[in-house]
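> take this sequence and fold it.
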Amino acid sequence: MLISCNKLKTYIKDSEKIDWLKVWDKFTIRTAEVENVKEVGDKFDGVVIAQIVECIPHPDSDHMHILKVNYGASEPIQVVCGAYNVRVGLKTAYIKVGGHIDGIEIKAKPLRGILSNGMCCSMRELGIGDDHDGIIELPDDVVVGTDIKDYLPVKDIIVEIDNKSLTNRPDLWGHYGIAREIATITHTEMLPLEMEEIKNDKEDLDIKINNPELCYRYTGLKIDNIKNNKSPLELQIFLYYTGMRSISLIVDLTNYLMLELGQPMHAFDSRVVKNIEVGLANNKDLFTTLDGVERKLSSENLMIKNNNEYFAIAGVMGGKNSEILSDTTSIFLESATFNAGSVRKTANFLGLRTDASARYEKSLDPNMTDKAIKRLVYLLRKENPDMQIASNLTDVYPNVLNEVNITLHKDLLSKYMGTTLSDESVINTLESLGFKVENTDYSYEVVVPTFRHSKDINIEEDLIEEIARIYGLENFTPKPLKLDLTITEHEKTFNEEYEVKSLLATKYDMNEVNSYIWYDTNTLQTLGIKKDGVKLLGKSDNNILRDDLSFSLLNIVEENFKNFSEFSIFEIGTIIESNQNKRVLSIILCGKEKELEQLYNKAKTVTSYIFKALKHKEITLSNNVNEKEYYDKNLGKIINVDDTKIGTINVLDKIYTNKLSKKKAIVCIDIDFDKYAKLEKDIILEKVVSKYPSVELDYTIIMPTDKKYEDLKEVLKEFKSKLIERNELVSIYENKYTIKYVLGSPYKTLEQKDLQTFKERFIAHLKENGYSINE
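This next block holds a predicted model:
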């Protein structure tokens, strides 16, 4: 969620005393996680308010005009502009020669042969809005020559808050709730919201709720004589900075109220409204939403109906048949609260999550609906002073949610806090957060507002948590716990996982990844692969559960190929195979296409070493003709341990590799981790360690073009010497394979002549088998 600090300042008294860049560190500790704090509106300079005093068509263009622009200098200046809305008298934003946009200096230059000195700007060009059809239109009363930053609130601090950390706080899904937290943290005072009180001296609207367990409250109001113009520039900028698109005044104000109070609202064109009925849909009925998509409903979807026709999906999206149009002059304003679970199920079933549904899913306060309408009426009247309230504020509220009382005992508070706080500190904290508090000798009698009771505050300990977080966790004095601790062993599988992960990360410098259990739909589409596995109900995208862990990680591979040409990743994760959960270790080796053989051999080496080092077991590899179309049919291997299949090594087919990244190679290792964990570690007989030092010798062997590493391994096995303690593959570069031999003797220190004799015998053995040494 994006938050505008400019907007927060309007709700807090003495907001200029707050450091709006630093306060978010405290907010993260006390309230919710802040992901990013960014200053905006500083991408340009040299932009002033100017007025067009002359406008003639460009002789060599069908849409450009030659303007004379007064920007406060002694003489007007010539500017060429292609916007459709240029006209004499228009005041707009003008960037002078020498000004900058995105670090680019504006210079005088000819456009179609006519010199243009600077440019008139659109909202998008200045980075303060989406509109780029025409240049900015400013009111007639603005002063020419004024810096645009002094007139419009373009400089702002935008804060991104992690939505997941607000799940239990529906009151924080709007700017006003965030401001309340900031005011409490900084010990400042909140300002009340201005609203218009509505006289109920007209007729009620026809509103009916059939399912009060799903629709808790429905408040409606009809307003006539509205001009649905463009929104004020300040509102357009605010919406743009907070991630929304300006559409029209009425729609923008409903979105603004959702961002301000967290209360979604909907405006219907009242020309088509006869009566409102809230009830469940009929199974398999069709309904076209505002985005133009026809959707099949279920009998569990709560709908807003008008004259027995579907009008909107409750809490999710309105219908195409009721959208606000440019000529709309009369509206039916809806402000309602719905059951959180019902909205969540409907949104998932239809694959349609919206800003409104995201908020309704958090259990909104039903006592906010009438306040939101009164606030919107106040704001709408600023732009439409002649509008008329055409109905009573009609409110259907079957089961009223009341405030609750909780007794907070002072001794319990002190016990949890580890210190005794003053009554003044406790009361100020709670009252600043919106609670009412009565102080007694041994307790605080606290009235919980409904905007906190709807989901969050229910017991005494919840109040203690509120006081503790505002007090500041960093202010607590740590005290050691006096407990008897019994050390318990980890589960065997935990230790097995840790050993494998540590080996891959430390010895082979691989990176562990963590992925979701479903396939990435975009990657499947990129590769042109169709998967028909187990599907998640009510999820439209990424709803197919994976049956191949390596394949499911290819979206991560694709992203990493954008930055690296070579890398290796691994995960121990779950797949669904034959409708059963199965744990798999997947290792993916990625590199250049010309290095496929080296990657392939490395995969064999890594696999062998895992079993040799951690289980003291040897593996054998047998050919595997893979049935999965995306793996190379000729390069598949089955990994066998004790004559039992335990995994596979596969190469992603070149056709599919190229769809992820050109001229690359991908080798996949998949090991059944459940089987691996059950393998008993073989006992290794102890060997007397020689008291004489060992010697390490590296030989780089040139691989003939007609041979593979498997052939070389057999040749190395055939070479016998009493001096050999062990050998291993160290590195591969193109067709050169470096083998390390560790030599030693239990009877003496090896001399140079021993090593020379070994070398001569080894080289001779290699030559007999068609290999040579890189001297």
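> quick one: the strands in the stretch 201-350 of the chain?
207-209, 215-224, 265-269, 276-280, 286-288, 294-296, 302-306, 309-313, 317-318, 331-338 (DSSP state E, counting those that start in this stretch).
> can you say which of these is nearest to Lys678?
Among the strands of the stretch 201-350 of the chain, strand 294-296 comes nearest to Lys678, with 47.0 Å by Cβ to Cβ. Bear in mind the C-beta positions are built from the backbone N, C-alpha and C, glycine included.
> hmm, who's touching that closest one?
Residues from elsewhere that reach strand 294-296 (Cβ atoms under 8 Å, 6 or more residues apart in numbering): 284-289, 313, 350, 352.
> average pLDDT for that strand, rounded please.
In this model, strand 294-296 carries a mean pLDDT of 94.
> with stretch 715-724 instead?
Mean pLDDT, computed over stretch 715-724, is 92.
> could the C-alpha coordinates of it be exported in PDB?
The C-alpha trace of stretch 715-724 is given here as PDB (Å, rounded to 0.1, in the frame of the first residue of the first chain):
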ATOM      1  CA  VAL A 715      40.500 -45.400 -17.800                       C
ATOM      2  CA  LEU A 716      41.400 -43.900 -14.400                       C
ATOM      3  CA  LYS A 717      39.900 -46.800 -12.600                       C
ATOM      4  CA  GLU A 718      42.000 -49.200 -14.600                       C
ATOM      5  CA  PHE A 719      45.300 -47.500 -13.500                       C
ATOM      6  CA  LYS A 720      46.600 -49.100 -10.400                       C
ATOM      7  CA  SER A 721      49.300 -48.000  -8.000                       C
ATOM      8  CA  LYS A 722      50.000 -48.700  -4.300                       C
ATOM      9  CA  LEU A 723      50.700 -45.000  -3.800                       C
ATOM     10  CA  ILE A 724      47.200 -43.800  -4.700                       C
END
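> next, the buried residues of that stretch.
Across stretch 715-724, burial judged by 16 or more other Cβ atoms under 10 Å covers 715-716, 719, 723.
> so can I have CSV of the residues you listed showing secondary structure?
Shown next, in CSV, are the buried residues of stretch 715-724 (DSSP: H, G, I helix; E, B strand; the rest coil):
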residue, secondary structure
Val715, helix
Leu716, helix
Phe719, coil
Leu723, coil
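> so which of the strands of the stretch 201-350 of the chain is nearest Ile389?
Among the strands of the stretch 201-350 of the chain, the nearest to Ile389 by Cβ to Cβ is strand 215-224 (6.1 Å).
> check which helices and strands that closest one sits against.
Contacts defined by 3 or more Cβ pairs under 8 Å, 6 or more residues apart in numbering; DSSP states H and E place strand 215-224 against strand 207-209, strand 276-280, strand 331-338, helix 369-383, strand 388-389, strand 394-396.
> just name the most buried of the ones you listed.
Across the helices and strands packed on strand 215-224, averaging neighbours per residue (mean count of other Cβ atoms under 10 Å) puts strand 331-338 on top, at a mean of 26.
> verify the stated contact: Leu430 with Val437.
Yes: judged on Cβ atoms under 8 Å, Leu430 makes contact with Val437 at a distance of 5.0 Å.
> make JSON lines out of the buried residues of stretch 715-724 and add distance to Val557.
What follows is these, written out as JSON lines (distance: Cβ to Cβ, whole Å):
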{"residue": "Val715", "distance to Val557": "34"}
{"residue": "Leu716", "distance to Val557": "33"}
{"residue": "Phe719", "distance to Val557": "39"}
{"residue": "Leu723", "distance to Val557": "44"}
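> now, among these, which is nearest to Gly318?
Nearest to Gly318, judged by Cβ to Cβ, of the buried residues of stretch 715-724 is Leu716 at 73.2 Å.
> how much space between the closest one and Cys81?
77 Å (Cβ to Cβ, to the nearest Å).
> and Asp60, what is it in contact with?
Counting by Cβ under 8 Å, 6+ apart, Asp60 makes contact with 112-114.
> and which of those residues is nearest Asp672?
Nearest to Asp672 among the contacts of Asp60, with distances taken as Cβ to Cβ, is Arg112, at 69.8 Å.
> for ChimeraX, what selects the buried ones among the contacts of Asp60?
Those of those that count as buried under 16+ other Cβ under 10 Å are selected in ChimeraX with:
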select :114
